Each structure stands twice: as structure tokens, then as C-alpha cells.
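Q: Structure for this input, please:
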Amino acid sequence: MFSNRSIPHRGMLAVAAGASAALLLTACGGDGSAAAHEGMTSRSTPVAAASADFNDADVMFAQMMIPHHEQAVEMAQLAQTRASDQEVRDLAVRIKAAQDPEIKLLQDWLAEWGRLAAPGEGMDHGMAGMMTGDDMKTLEAATGTAFDRNFAQMMIAHHNGAIQMAKTEQAGGVNPDAVALAKTIETTQQAEVDQLQAILDRL
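A: Numbering: from 1, shown residues only. Model (predicted):
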């Protein structure tokens, strides 16, 4: 998966350049550009595309995290109009603001790697923490404090699933940008799980 990038001797530049081009054409990576992450630990939107080196774990992480994030955004949007607790509403705004750009970033990486999944394709892999259709209907039908409790309980389970996937990516992925995003997701969502549990405890 990784290519040898050692510097060739002066007399072999032309041959090495041709060989490197051939290797890049057959490798599974993209254009070889490195991503410049801007404040990843503060959950701001990362900039640029992922570097060329990637493996199946990186692809799986991106394909699964996209629909996982999409459902979290859907839940957060419901909270903005149905929640009665201000802290729940504020947290929902932050969740949507963080995960919307991460969805776009993951889609861009998959497109660059030539592994962009069709809509819903990642769902076939099975994902921890995903709500069922009935779960989402229950949440949508709830209002007030009942909504706040359901939202907190469901989002804790949802976040724990994302944390599990992020840990799997950190253990098996090779793309440095995807691994860095996974670490950010783990750190940020664990803090949100702690906050959601505190909300549940006082409701």
C-alpha cells in the first residue's frame, strides 16, 4: 500500500520518475497531496484532501461514518424545534455544525480514492449505535421533556457507536488524515456523551 519514496541518484532521475509514475497509477491512492488540518482538536473543518496512502479500513471508516453522521444531524435538527431544554438545543446546534462539514470531507476523500459509495451503501456494513426507523419515529413524535430524555439517551448510544468506529480506524487505518479525524471524533463525542449523561441525570 505504501510506495518507496527514497530520493534517486542524479543519473537515474528519468528512469526513477517513470517507475514512480507507474507505481502511482497502480496504487490505491489518489493524487498524493497531503491534507492540511486546521484546528482538528477544536473540531473545526479540516482543509484539503486526504493523502494518497489508504487501506480498506480507511475506506470502511469513511463509508460507515457518512450515514452515521447523517443520522446524528437528523436527530440534531429535530432537537432544534422539539427540545424544551436549552442545553439540549445548544448541544444539537454544535453537533450539526461539527458533523455536516465532516460528512463533506469524508465524501471528498472517498471520491479522491475512487471509492465513493452509493447513497446508503455504507449501511450494508452494519454500524453500532444507529437508530432504527421506529426509534426515529418515536423521537420525532416526542416533545418537551420526553423529547429531551429520548434525545439524550439515543444520542449517547449513537455517539458510543461512532466512538467505537473511530477507535477501529485508529487501530487499523493508514491514512494519517483519516486517523486524525477519527481521533477528533473520539475525543469530541466522548465529551458530548459525558454532557448528555449529565443532562439525563438532572432531567
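Q: worst-scoring helix or strand of the protein, pLDDT-wise?
A: helix 13-26 (a mean of 36; mean pLDDT, DSSP states H and E).
Q: what sits against residue 154?
A: 75, 131, 135, 139 (CB atoms under 8 Å, 6 or more residues apart in numbering). (C-beta placed from N, C-alpha, C; glycine too.)
Q: Does the last one touch residue 153 like I think?
A: No - Residue 139 is beyond contact range of residue 153, at 9.6 Å (criterion: CB atoms under 8 Å).
Q: Where do the helices of this protein begin and end?
A: 13-26, 56-82, 86-113, 133-141, 144-172, 176-202 (DSSP state H).
Q: Please identify the deepest-packed of those helices.
A: helix 56-82 (a mean of 21; mean count of other CB atoms under 10 Å).
Q: now it against helix 144-172, angle please.
A: Helix 56-82 runs at 170 degrees relative to helix 144-172, counting by axes from the mean of the first three to the mean of the last three CA atoms, to 10 degrees.
Q: wouldn't residue 92 be in contact with residue 81 here?
A: No - Residue 92 is not in contact with residue 81 according to CB under 8 Å; the separation is 9.6 Å.
Q: Low-confidence ranges, the chain, go.
A: 1-51, 117-126 (pLDDT under 70).
Q: hmm, 80 instead?
A: Along the chain, the parts satisfying pLDDT under 80 run over 1-52, 116-126.
Q: just so I know, which of the helices of the chain lies nearest residue 127?
A: helix 56-82 (5.2 Å; CB to CB).
Q: could you give the angle of that closest one to helix 176-202?
A: Using the same axes, to 10 degrees: helix 56-82 against helix 176-202 is 40 degrees.
Q: Make residue 1 into 659 and carry on from there
A: Yep, numbering from 659; the last one is helix 714-740 now.
Q: Packing partners of helix 714-740?
A: Other elements packing on helix 714-740 under the criterion 3 or more CB pairs under 8 Å, 6 or more residues apart in numbering; DSSP states H and E are helix 744-771, helix 791-799, helix 802-830, helix 834-860.
Q: Please identify which of those is closest to residue 715.
A: Across the helices and strands packed on helix 714-740, closest to residue 715 is helix 802-830 (CB to CB), at 3.7 Å.
Q: Report the angle between that closest one and helix 791-799.
A: Using the same axes, to 10 degrees: helix 802-830 against helix 791-799 is 140 degrees.
Q: now helix 802-830 against helix 744-771, angle please.
A: Using the same axes, to 10 degrees, helix 802-830 lies at 30 degrees relative to helix 744-771.
Q: sorry, back to before: just send the contacts of residue 812 back as JSON lines, with distance to residue 858 too.
A: Conversion of the contacts of residue 812 to JSON lines gives the following (distance: CB to CB, whole Å):
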{"residue": "733", "distance to residue 858": "15"}
{"residue": "789", "distance to residue 858": "17"}
{"residue": "793", "distance to residue 858": "17"}
{"residue": "797", "distance to residue 858": "15"}
